[in-house]
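Undergrad: quick one, structure for this:
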Amino acid sequence: MQLINVKKLRSIKFITSLYNLLFKPLKAEKGDYDYLRWNGLIDLMWKMGGGATRAFLTKKFLSSSPHYLYPKNKFYFLPGEYEELLSQLRLSRAEIANDVLAKLIKPDDEVLEFGCGHGLIVGAVGKFCKRAVGVDVSQAIIRVAEELNRDVKNVSYIRSSGLDLKTIPDQSLTFVYSIECIQHIEKVHAVTFFHEFYRILKPNGRALIQFPDLTRSEELDAWMEGTWKIQSERPYSELTMMRIRYYTPEEIKILLTRIGFSDVVFLDHNLNPVERSSVYFLATR
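TA: Residues are numbered from 1 along each chain as shown. Model prediction:
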């Protein structure tokens with residue numbers, strides 16, 4: 001009798017997982033560092049299915065977060081809409097790689113992108129460096145990055161714990177960058193990653209770090225009218241890790257210098273054509 005109940009429970013769990021996979025966004029539970037859901041069923045489908053299965057799952061994952069692709073009507077993509085949005089995303093990420101990073105990265109650099117997400121920036125960076133690594137906390141988005149950049153042979157992808165970069169050896173890279181990522185991490189953990197950037201860089205290696213700059217009027221307005229107004233009305237337990245943490249240039253320079261970085265240089269706000277209100281720091285180990 002007990003065996004039958006166990007089988008029924010497993011069947012119910014399988015059906016529920018399949019239903020969620022097909023009809024619900026693949027978001028992780030609140031408070032989970034891995035912000036997109038990955039489970040045994042999805043893993044099996046990814047490994048055993050063909051290109052069409054991986055394309056279906058890639059679409060599901062990218063549309064499960066407004067940080068990637070989201071239907072305009074918030075429920076489903078209209079015919080051709082997903083393909084158009086993905087093409088626009090590729091172009092905007094390639095812009096960042098070519099207009100920002102290509103100015104700083106050398107052909108013999110060994111590069112790491114922290115918080116690579118779908119990997120479209122680091123995939124483009126791979127075209128003008130020796131090798132590159134994309135790191136992200138989400139197992140699902142790492143698989144998506146591999147799928148979207150499968151033709152780029154000198155870029156690999158690694159899942160991190162969300163707390164450190166222990167999988168990356170000491171002094172093994174020459175350039176580390178993070179764009180539109182650190183702002184989503186609690187400051188105490190962000191400082192841990194600044195220490196990790198210092199550890200994994202070779203002597204004279206460089207780190208490029210981007211933040212929304214709270215001293216810029218555009219960002220201050222966006223925070224007061226958007227982020228603060230919305231999030232201040234929610235209980236703390238309902239806030240997600242994806243909310244934005246703001247910095248000022250002064251505190252970033254103080255933190256990076258205290259960790260050991262030298263020659264901490266502030267770069268022009270217009271360096272990034274996508275985020276013109278951002279602040280960039282280029283720090284040397």
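Undergrad: now stretch 93-112: buried residues?
TA: Neighbour counts over stretch 93-112 (16 or more other C-beta atoms under 10 Å) mark 93-94, 96-97, 100-101, 105, 109-112 as buried. C-beta: built from backbone N, CA, C; applies to glycine.
Undergrad: next, the buried residues of stretch 254-264.
TA: 255-256, 259, 261, 264.
Undergrad: which of those fall within helices?
TA: Taking DSSP state H as the definition of helices, the buried residues of stretch 254-264 contribute 255-256, 259.
Undergrad: pull the CA atoms of whichever strand or helix holds Ser92 into PDB?
TA: Assigning secondary structure by DSSP states H and E places Ser92 in helix 81-99. Listed next in PDB are the C-alpha coordinates belonging to helix 81-99 (Å, rounded to 0.1, in the frame of the first residue of the first chain):
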ATOM      1  CA  GLU A  81       8.500  38.300 -32.000                       C
ATOM      2  CA  TYR A  82      10.900  36.000 -30.100                       C
ATOM      3  CA  GLU A  83      13.300  35.800 -33.100                       C
ATOM      4  CA  GLU A  84      13.200  39.600 -33.600                       C
ATOM      5  CA  LEU A  85      13.900  40.300 -29.900                       C
ATOM      6  CA  LEU A  86      16.700  37.700 -29.800                       C
ATOM      7  CA  SER A  87      18.300  39.300 -32.800                       C
ATOM      8  CA  GLN A  88      18.100  42.700 -31.200                       C
ATOM      9  CA  LEU A  89      19.600  41.300 -28.000                       C
ATOM     10  CA  ARG A  90      22.500  39.900 -30.000                       C
ATOM     11  CA  LEU A  91      23.100  43.200 -31.700                       C
ATOM     12  CA  SER A  92      23.000  45.200 -28.400                       C
ATOM     13  CA  ARG A  93      25.400  42.800 -26.600                       C
ATOM     14  CA  ALA A  94      27.700  42.800 -29.600                       C
ATOM     15  CA  GLU A  95      27.700  46.700 -29.400                       C
ATOM     16  CA  ILE A  96      28.900  46.500 -25.800                       C
ATOM     17  CA  ALA A  97      31.700  44.000 -26.800                       C
ATOM     18  CA  ASN A  98      32.800  46.000 -29.800                       C
ATOM     19  CA  ASP A  99      32.300  49.600 -28.600                       C
END
